[in-house]
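A.B. asks: Pasting the sequence and the predicted coordinates here, then a few questions.
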Amino acid sequence: MSRNASRSILLLACTLFTFIPAAHARFQPTPCTNPYTQPQEIQLGYKAMAQVYQQQPILPDSSPVTQYVQSLGARLAQFAPGYRWPFQFHVVNSADINAFALPGGAIFINLGTIQAATDEAQLAGVMAHEISHVVQRHSTCNMARQQVPSILAGIGGALAGILLPGTAGAIAQQGISSVAGLTFLRMSRDDEKQADLMGTDILYDSGYDPRALPQFFETIQAKYGAGGAQLLSDHPNPGNRIGYVNQEIATLPPKPADITNTPQFTSIHADAAKLHAATADEIKAGGWKKSQPPLPAEAAAAAASASTASTASTGGTSTTSTTPSAQPAAAALDPNLHWQPDSSLNTFTHSLYTLRYPRNWTVQGNVQSSVTIAPPGGSGADANGQAATAYGILIDRYQGQGNLQQQTDALIQSIEQGNPGIAAVTDATSLTVSHQPALSIEFLGSSPLSTAGKPMPERDWLVTVQRPDGSIGYLVFIAPERNFSALRPAFKRILSTFALK
């Protein structure tokens, strides 16, 4: 019997051998408020997949490593609770130890992760974790919280592209988000804990040792250090993974035995070890594009549809929209607007905070999204038809790593690196907002408004505040430089009313 025929039989056996549990996954987190329907989410995932294929080397479906991962993924997906997502499993030819899941069910496992796993249960744990992100809709929950397209695309072009949670315009960051625009895949610690717990149940139900996932994280950390593997950066440790996973296991009925390893994994692991996993520099160089496999048909169709719709709606300029439904075109900025704020204040109640704002200004956004508060004509389309804010306030949440200072530094670095022409003009200074530590920094850039054919100078005042969940909330106060001093007292008054929930 040939080796290929033998391998096919082994892969079939891996698919057919299934431990049948008494019940499916038990952990049921509280769902977020999500404006996307499941079909919309699937289409978003297909569009994002097109970007992954443009920027990351993917092993072909004919690869034995890919076939093994697809077989293992299909087995695990049987035990995913809830909506039946159309799961797909792909292998990225990258040496980085990492994995990520797109909205709607496309899951990518780096070759470096397969090479680093010591047994099948560990690899299954990583995949069950990613399946759990899909089931719990974490990506589109992130997008809904931050609003798509991001409000930060509207600061006179100065902060355009920073932290966009959709599939276009975001600055490239490390790891998962090096695929431009996929910053919504950066999960919070709470998201990670939820995926750990549901992944534990999926592992248990599919017959594997449910302790394998936290063991793999600990093994990687011991070998590479807390920041040495990108998996640990893109999947921040919620703390005491072993402890809460063991607590979840204790709630599950005992079973005769757990699967730790299989001959299939041993064979494929040996094959994977012989493959050259591309380094970050090699991926950036792009030589792999000559042999990139074709984009899956569903993703190709979604990308073509998005391109056609974008070109038609922008008169030939291609843009990508990931909003759940068509939005009316923004009204144009008013260069002669009456920006002076009323002394009377209204109250806006968001799911994360409350705030009071001038009665003659308006709120754009909702209680789950990013929010812009601006005078009529202060936020809208600039001369190029792009969303922009000339006067007003942008409010959002940022989930990074580290403490307030570290997350603020990362945010500032992203602003400056991603937006040529904007520069910080003050050092970060400490203050208190909503009884919490906060930091303040100001930038100079270019306003979407112009005079004598040239953009006006613009001042942007960024305030970051520590949130109880470890993330930071932030506000950006915006005005042309010539008017900022006059608006500063009103901005300070509004900031004094900001109260975290």
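C.D. replies: All right, it came through fine.
A.B. asks: so what's the backbone phi/psi at Ala272?
C.D. replies: Phi and psi for Ala272, reported as degrees, to the nearest 10, are phi -60, psi -40.
A.B. asks: ugh, wrong one, Pro375
C.D. replies: Recorded main-chain torsions at Pro375 are phi -70, psi 160, according to degrees, to the nearest 10.
A.B. asks: Can you tell me how far it is from Phe100?
C.D. replies: Pro375 sits 40 Å away from Phe100, going by CB to CB, to the nearest Å. Placement of C-beta: from N, CA and C, glycine included.
A.B. asks: And the two? Which one has more around it.
C.D. replies: Regarding Pro375 and Phe100, a neighbour count based on other CB atoms under 10 Å identifies Phe100 as having more, with 26 against 20.
A.B. asks: ok, now which ones touch Pro103?
C.D. replies: By CB atoms under 8 Å, 6 or more residues apart in numbering, the contact set of Pro103 is 36, 41-42, 44-45, 48, 134, 137, 139-140, 143.
A.B. asks: Point out where the stretch 301-450 of the chain drops to low pLDDT.
C.D. replies: 303-333, 366, 368-369, 381-387, 414-420 (pLDDT under 70).
A.B. asks: thinking again about what came up before, relative to Ala390, which of the contacts of Pro103 is nearest.
C.D. replies: Looking at the contacts of Pro103 and their distance to Ala390, the nearest is Met143, at 25.7 Å (CB to CB).
A.B. asks: and that closest one, how many neighbours does it have?
C.D. replies: 29.
A.B. asks: Could you confirm it falls within a helix?
C.D. replies: Yes. The assignment for Met143 (DSSP: H, G, I helix; E, B strand; the rest coil) places it in a helix.
A.B. asks: Could you check how far it is from Leu102?
C.D. replies: 12 Å.
A.B. asks: where do the contact lists of these two overlap?
C.D. replies: With contacts defined as CB under 8 Å, 6+ apart, the residues adjacent to both Met143 and Leu102 are Leu44.
A.B. asks: per-domain residue ranges of this protein.
C.D. replies: When the chain is parsed into structural domains using automatic domain parsing, the resulting residue ranges are 3-301, 345-500.
A.B. asks: Lowest mean pLDDT across those domains, which one is that?
C.D. replies: Across the domains of the chain, the stretch with the lowest average pLDDT is domain 3-301; it has a mean of 77.
A.B. asks: helix or strand for Asp271, which one?
C.D. replies: Assignment of secondary structure by DSSP states H and E places Asp271 within helix 263-274.
A.B. asks: one step back: of the domains of the chain, which is nearest His338?
C.D. replies: Closest to His338 of the domains of the chain, according to CB to CB: domain 345-500, at 6.7 Å.
A.B. asks: how distant is the closest one from the center of its chain?
C.D. replies: The gap between where domain 345-500 is centred and where its chain is centred comes out at 21 Å by CA atoms, centre = their mean, to the nearest Å.
A.B. asks: One more: stretch 34-54?
C.D. replies: Between the mean C-alpha position of stretch 34-54 and that of its chain there is a distance of 12 Å (CA atoms, centre = their mean).
A.B. asks: how about it: buried residues?
C.D. replies: Within stretch 34-54, the residues that count as buried by 16 or more other CB atoms under 10 Å are 34-36, 38, 40-53.
A.B. asks: can you tell me which of the residues you listed are in helices?
C.D. replies: Using DSSP state H, the members of the buried residues of stretch 34-54 that fall in helices are 38, 40-53.
A.B. asks: Return the list of helices and strands in contact with the top strand by length along the chain.
C.D. replies: In the chain, taking DSSP state E as the definition, the longest strand is strand 436-451. Identification of packing neighbours for strand 436-451 by 3 or more CB pairs under 8 Å, 6 or more residues apart in numbering; DSSP states H and E yields helix 404-418, strand 423-424, strand 429-433, strand 454-466.
A.B. asks: Measure how the helix or strand just after the last one sits relative to strand 429-433, angle-wise.
C.D. replies: Note on strand 454-466: by DSSP H and E, the next helix or strand toward the C-terminus is strand 472-480. Going by axes from the mean of the first three to the mean of the last three CA atoms, to 10 degrees, strand 472-480 is angled at 110 degrees with respect to strand 429-433.
A.B. asks: For the remainder of this discussion, apply numbering that starts at 15.
C.D. replies: Let's use 15 as the start, then, which means that last one is strand 486-494.
A.B. asks: between strand 486-494 and strand 450-465, how many degrees?
C.D. replies: Counting by the same axes, to 10 degrees, strand 486-494 points 30 degrees away from the direction of strand 450-465.
A.B. asks: Not counting sequence-adjacent ones, nearest residue to Ile282?
C.D. replies: Counting by CB to CB, 6 or more residues apart in numbering, the nearest residue to Ile282 once its immediate chain neighbours are dropped is Tyr82, at 4.4 Å.
A.B. asks: Secondary structure element for the one you found, which one?
C.D. replies: For Tyr82, the secondary-structure element it belongs to, assigned by DSSP H and E, is helix 78-91.
A.B. asks: Show me what that helix is packed up against.
C.D. replies: Checked by 3+ CB pairs under 8 Å, 6+ apart, helix 78-91 has helix 17-30, strand 102-106, helix 125-130, helix 134-149, helix 277-288 packed alongside it.
A.B. asks: which parts of the last one are buried?
C.D. replies: Along helix 277-288, the positions that meet the burial threshold by neighbour count (16+ other CB under 10 Å) are 278-279, 281-283, 286.
A.B. asks: closest to Leu73 among these?
C.D. replies: Distance to Leu73, by CB to CB, is smallest for Ala286 among these, at 9.8 Å.
A.B. asks: quick one: the closest one and Ser77 touch, right?
C.D. replies: No. With contact defined as CB atoms under 8 Å, Ala286 and Ser77 do not form a contacting pair (9.6 Å).
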